[in-house]
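>>> below are the sequence and a predicted model for it; my questions follow.
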Amino acid sequence: MLLDLFKMFLSFLFIGIVIKYMDDLTDGEGNFDNFPYYLLLLSCSILLDKSLAIPCLWAAYAIGMADKLKVHYIFNLNGIVEGVVVCAVGFIIFTPLNFSYFLVLMLFINLTDDLIDYKIDEFGKNFARKYGVIEICIISLNLLLMLLYLDYQLTFLALIAYTGIQIFYFYRRNLNDRKDNPSFYGH
């Protein structure tokens, strides 16, 4: 039981890092230098718990494509159509309740990330800036309650992994700011 929970946590952690990298690439912030390492993390996540990693990645892709209305991809479909196709296939392959859980989870994480990046994303597509911080907090809280109702164990594991990823990226961002700004070191 404890080993299974640990494997699920690691799967969430690894797939969360891959999703963060995928988000950075689509936002134009990431680079392809470390792509093989992220593929390795993706495969490790799938090996640890494929019933968690694959729908989580698909849901993140579908949610991430929702605002790409004018961008056309490989099959000459715009982003929102690709997201709908991925959702339809996800509902068919995985159980509708299971895939719905991961869609709600990725929407919660996306909105929470917008709340965290409120000060940073001055000109980007940030829902907290677009609709208001209080409104996004209320929606996020409702999504969190829905997640806890659907599966509290998975929700706690996902929140712990998400918090760890956010702390790591926050620390890394601050470290890069210090390297770029010598006045942080007192010079």
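That came through, no problem.
>>> what helices and strands are in contact with the biggest helix by length in the chain?
If you go by DSSP state H, the chain has its longest helix at helix 152-180. Using 3 or more Cβ pairs under 8 Å, 6 or more residues apart in numbering; DSSP states H and E, the elements in contact with helix 152-180 are helix 2-26, helix 96-116, helix 133-150. The C-beta positions use only the backbone N, C-alpha and C, and glycine is treated the same way.
>>> and that helix, what's its mean pLDDT?
Throughout helix 152-180, pLDDT has a mean value of 85.
>>> can I get the helices and strands packed on helix 152-180 in TSV with mean neighbour count?
Formatted as TSV, these follow (neighbours: other Cβ atoms under 10 Å):
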stretch	mean neighbour count
helix 2-26	18
helix 96-116	20
helix 133-150	14
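>>> quick one: these as TSV, columns for distance to Val85 too.
Formatted as TSV, the helices and strands packed on helix 152-180 follow (distance: least, Cβ to Cβ, whole Å):
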stretch	distance to Val85
helix 2-26	17
helix 96-116	13
helix 133-150	23
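>>> which one of those helices lies nearest to Leu77?
For Leu77, the closest of the helices and strands packed on helix 152-180 is helix 2-26, at 15.5 Å, according to Cβ to Cβ.
>>> ok, and what's touching that closest one?
Residues from elsewhere that reach helix 2-26, judged by Cβ atoms under 8 Å, 6 or more residues apart in numbering: 30, 32, 34, 38, 41-42, 44-46, 48-49, 52-53, 56-57, 60-61, 64, 68, 106, 153-154, 157-158, 160-162, 164-165, 169.
>>> one more time with 6 Å, if that's ok
Here helix 2-26 makes contact (Cβ atoms under 6 Å, 6 or more residues apart in numbering) with 30, 38, 41-42, 44-45, 48-49, 52-53, 56-57, 60, 157-158, 161, 165.
>>> how far does it sit from the chain's center?
In this view, helix 2-26 has its centroid 9 Å away from the chain centroid, taken as Cα atoms, centre = their mean, to the nearest Å.
>>> mean confidence score for it?
Across helix 2-26, pLDDT averages out at 93.
>>> what's the angle between it and helix 96-116?
Put simply, helix 2-26 runs at 60 degrees to helix 96-116, going by axes from the mean of the first three to the mean of the last three Cα atoms, to 10 degrees.
>>> after helix 2-26, which helix or strand is next?
Per DSSP states H and E, the first helix or strand lying C-terminal to helix 2-26 is helix 35-48.
>>> so for Ile74, which of the helices and strands packed on helix 152-180 sits nearest?
helix 2-26 (14.1 Å).
>>> so the closest one versus helix 35-48, what angle?
Relative orientation of helix 2-26 versus helix 35-48 (the same axes, to 10 degrees): 150 degrees.
>>> now for Tyr38, how many residues are close by?
19 (other Cβ atoms under 10 Å).
>>> near Asn31, how many other residues are there?
10.
>>> sweet, I'm off.
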